[in-house]
Each structure stands twice: as C-alpha cells, then as structure tokens.
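> Pasting a predicted model and its sequence here:
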Amino acid sequence: MEGTEVVVASSPVDTGISCWDLRSGAEYLHHRSCASPPHGLVCVADRFLASSQLRDSSSGAVFYWSGTRPRVEVKSFTTEPIKPLAANHEGTYIAGGGLSEDIYFWEVASGRLLKKWHAHYRAVTCLVFSDDESLLISGAEDGCMRVWIFDDGRREEAGHLYEHSFSEHTLRVTGIVTGYGGGNAIIVSASEDRTCK
C-alpha cells in the first residue's frame, strides 16, 4: 500500500476486509478471514491492519495483516472478546475494549500487555485517542463516555483512573470523534438514543 491512498472497510456480516484504491475505485486487496465488530479495525501507523475478532462470546483474538498480502500475519489471543480497537499515530500502542467492561493497553512491538483496568459498567463500544495522544476516550453500552489520562498514579490514589465521565446518553455510545487541542479538544459522541452530544 506504500504510496497508494486506499479506503479500508470491514464488515462482520460479509466477513472480510476490503481495500480500494481511492483514485480509481478498484479493489486493491481483500482479506477474507475477518469477523470484525464495529470499531474493531484499525490501521497501525500505515504499516499493517489490526482487527479484533468476535467469533463467539467466550474467546477473543486480534489479527494482524500486512498491507500487501491477503493472509493473517500474526494472531494474538486475548482472555476475552475485544470489540473496539484504537492505535496511536506512531503505531507503538493499541488499546482494546472488552465485553467485560475492561480496557486493555498493549505495546505493539513486543505484544506485551502494559495495563488493564475496569472502565465501564457494560461492554466498551468505542475507543479513540486524542490528537496529541495524551488522552484515550471510551464509550460503552452503559451510555457513558470516559476520558482517560496516563499519569504518575494520581488517578489511582483518587479511586478512579478517568479524568472525566459523561453520562448524557440513555443508550449505548456508537461513535466518538475528537477535534484538535489535546486536553482542550471538543469531543462529540453519538448514541443509539439518536443524539450527538
């Protein structure tokens, strides 16, 4: 994919990831072995694709594909099914949201789990890094959106890890977008309750 601008999309219904050339519309590559949920596909620093896999409710995996071959390069098996994924711009970290309300934070190069914490009261549905990557924003089936900051432990002493918690939605959060400005950015969330806040 180097030097080529592509559009990448996945579907849990059609079980696959497709890549199309942005200029011509021609299909560039198709990865058939994928069962990615909504927000479960992420491009990791323009080097490869990572996708959480939901084949059943008891096991989880994250598959990695290179941009040039239609086969899975690496399979990582997780302790629970992971739904959304988010990667930082450099591709050094991936965050994943679990069905058990936990968030996982991995180092990409080693595959090592750096941190896991209880994040919500229902399954995590969305994860987004802020533009300066100082914050991780999560949304969940509980209608809550939380802003997480990685600091020197002050949050743990306060009894919670999040910087802010917003409970404005009555149904699950389905999407999160953040603008520029790091900690001062505007964050917009969408929900099944048909609102954006």
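Happy to help now that I have it.
> ok, which stretches of this protein are helices?
In the chain, the helices defined using DSSP state H lie at 154-157.
> Ranking helices and strands of it by mean pLDDT, which lands last?
When each helix and strand of the chain is scored by mean pLDDT, DSSP states H and E, helix 154-157 comes last, with a mean of 48.
> Nearest residue to the middle of the protein?
residue 85 (1.9 Å; C-alpha atoms, centre = their mean).
> From residue 62, how far out is that residue?
For residue 85, the distance to residue 62 (C-beta to C-beta, to the nearest Å) stands at 7 Å. Bear in mind the C-beta positions are built from the backbone N, C-alpha and C, glycine included.
> Mutual contacts of these two, please.
Overlap of the contact sets of residue 85 and residue 62 (by C-beta atoms under 8 Å, 6 or more residues apart in numbering) consists of 50, 51, 52, 94, 96.
> list the buried ones in stretch 77-92?
Neighbour counts over stretch 77-92 (16 or more other C-beta atoms under 10 Å) mark 78, 80, 81, 82, 83, 84, 85, 86, 87, 88, 91 as buried.
> First-to-last residue distance for that stretch?
One end of stretch 77-92 to the other measures 19 Å (C-alpha to C-alpha, to the nearest Å).
> ok, now stretch 103-123?
By C-alpha to C-alpha, the extent of stretch 103-123 from end to end equals 10 Å.
> same question, stretch 112-123
With C-alpha to C-alpha as the measure, stretch 112-123 spans 23 Å from end to end.
> same question, stretch 112-128
20 Å.
> which residues touch it?
Contacts with stretch 112-128, where a contact means C-beta under 8 Å, 6+ apart, come from 38-39, 83-86, 93, 95-107, 136-142, 144, 146, 148, 161-162, 172-178, 189.
> Work out the gap between that stretch and the centre of the chain.
Relative to its parent chain, stretch 112-128 has a centroid offset of 10 Å by C-alpha atoms, centre = their mean, to the nearest Å.
> Over to stretch 25-35?
Stretch 25-35 sits 20 Å away from the centroid of its parent chain (C-alpha atoms, centre = their mean).
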